[in-house]
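sequence and predicted structure are below.
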Amino acid sequence: MNITTRTGRRLAAAIVGCCAILLPGAALAAPATPSAPARAAAHAIVPGCETPGLVIWLDTRGNGGAGSVFYTLKFTNLSGHTCTLNGFPFINAVSLNGSLLGRRAGITGGPAHQLILNQGQTATAALQIVNVLGFSASRCKPVTAAGFRVFPPNQTRAKVVPFPFGACSASGPVYMFVRPVTK
């Protein structure tokens, strides 16, 4: 007939041929039906990990070097449900009476990624504590801290983690640095 009709037929035949080649591979790659947990997870929004549902603790086996010691701060989900953590914890040194000492830990590293923690799972954040004796005594006013006040990422309530260490009592130099939570 005319050229448009032949071109249309050829184009349709090419499309059908391509589909015949690609469709079996796609069918083999896709699961027959998603499992019930997969369907539920696809529709559920996992809430953030709230401070009361977390056990926050410090692995005291530090790794020292270059005037600092690096520790692992841990966040264990004991909330009874799956929850998410995303970002950096806020950390302050505290005295025995709970007063804040010096400046809040600086944040370093990144980027942060959202973590899904099932019941009983633990996320970690690397914590660097600088030897405060390297700062001038007048800027730092060194003391021994009783521990840390830790705010989990995106939370407004904190928990205190007992751990004595050298801290600055003045608002001078930043002497702690924290990385984002990871698994």
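Everything's here; your move.

going forward, measure contacts between C-alpha atoms and count neighbours the same way
OK.

and the residue positioned nearest the centre of the chain, how far from L133?
Centroid-nearest residue in the chain, with C-alpha atoms, centre = their mean: V181, separated by 2.7 Å. Taking C-alpha to C-alpha, to the nearest Å as the criterion, V181 is separated from L133 by 28 Å.

what residues sit buried inside stretch 47-66?
Buried residues in stretch 47-66, counted by 16 or more other C-alpha atoms under 10 Å: G48, C49, E50, T51, G53, L54, V55, I56, W57, L58.

if we can go back for a sec, so what's the residue nearest to the centre of the chain up against?
Going by C-alpha atoms under 8 Å, 6 or more residues apart in numbering, V181 touches L85, N86, G87, F88, P89, A112, H113, A123, T124, A125, A126.

need the longest strand for the protein.
Counting by DSSP state E, the longest strand found in the chain is strand 54-65.

outline the domain layout of the chain.
Annotated domains of the chain cover 3-43, 51-178 [automatic domain parsing].

deepest-packed of these, please.
With neighbours defined by mean count of other C-alpha atoms under 10 Å, none of those is more surrounded on average than domain 51-178, at a mean of 18.

what about that one, start to end distance?
So domain 51-178: terminal residues 18 Å apart, C-alpha to C-alpha.

roughly how far out does it sit from the chain middle?
13 Å (C-alpha atoms, centre = their mean, to the nearest Å).

in helices, which of the contacts of V181 appear?
Judged by DSSP state H, helices contain none of the contacts of V181.

now pLDDT too, for those residues, in TSV please.
Output for the contacts of V181, formatted as TSV (pLDDT from 0 to 100):
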residue	pLDDT
L85	96
N86	95
G87	95
F88	97
P89	97
A112	90
H113	90
A123	98
T124	97
A125	97
A126	97
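
out of these, who's nearest R157?
Set against R157, the nearest of those by C-alpha to C-alpha is P89 (11.2 Å).

which one of the domains of the chain has the lowest average pLDDT?
For the domains of the chain, mean pLDDT drops lowest on domain 3-43, to a mean of 48.

alpha carbons of stretch 54-66, as CSV, please.
Output of stretch 54-66 as CSV, limited to C-alpha atoms (Å, rounded to 0.1, in the frame of the first residue of the first chain):
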residue,chain,number,x,y,z
LEU,A,54,17.8,3.1,73.3
VAL,A,55,20.6,1.8,75.5
ILE,A,56,23.5,4.2,74.9
TRP,A,57,26.9,3.0,75.9
LEU,A,58,30.6,3.4,75.2
ASP,A,59,33.1,0.8,74.2
THR,A,60,35.9,1.8,76.4
ARG,A,61,38.6,0.1,74.4
GLY,A,62,40.0,3.2,72.8
ASN,A,63,42.4,3.5,69.9
GLY,A,64,44.9,6.3,70.5
GLY,A,65,47.0,8.3,68.1
ALA,A,66,48.2,11.9,67.4
